[in-house]
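Trainee: What follows is a protein structure lacking sequence information:
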């Protein structure tokens, strides 16, 4: 189980497709990485059923620090639901100045 969590955590580090490149943006990315790492793991049901796949999420952060999912695409519906559920619990009030940015993140769920 350790390896599966490690794969998810490493995958979170690969935030791609950011629509900006500036110092405040990199601070936002670091903060989001820390928030996500503490919440995501391989979904237990997906692990038991040997479900693998990718979930792509485009989101922003509201002025209140809430994650607003703009688009979510997944190779498996259950993985997409899991990501949506967990991301809805993330609060980033310290990122209230990031509301003008859109973020794109890819979660890779792979069994070794």
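Mentor: Happy to help now that I have it. Source: prediction; values computed, not measured.

Trainee: For the rest of this, base every contact and every neighbour count on C-alpha atoms.
Mentor: Noted.

Trainee: so where is the protein shaky, pLDDT-wise?
Mentor: By pLDDT under 70, the low-scoring segments of the chain are 1-26, 96.

Trainee: In it, mark out all the helices, start to finish.
Mentor: 2-13, 23-37, 44-48, 77-87 (DSSP state H).

Trainee: buried ones in the third one?
Mentor: If you call a residue buried by 16 or more other C-alpha atoms under 10 Å, then helix 44-48 has these buried ones: residue 46.

Trainee: Any idea how far it is from the middle of the chain?
Mentor: Put simply, helix 44-48 sits 18 Å off its chain's centre (C-alpha atoms, centre = their mean, to the nearest Å).

Trainee: From residue 95, how far off is residue 67?
Mentor: Going from residue 67 to residue 95 by C-alpha to C-alpha, to the nearest Å gives 10 Å.

Trainee: Which neighbours do these two have in common?
Mentor: Residues touching both residue 67 and residue 95 (C-alpha atoms under 8 Å, 6 or more residues apart in numbering) are residue 61.
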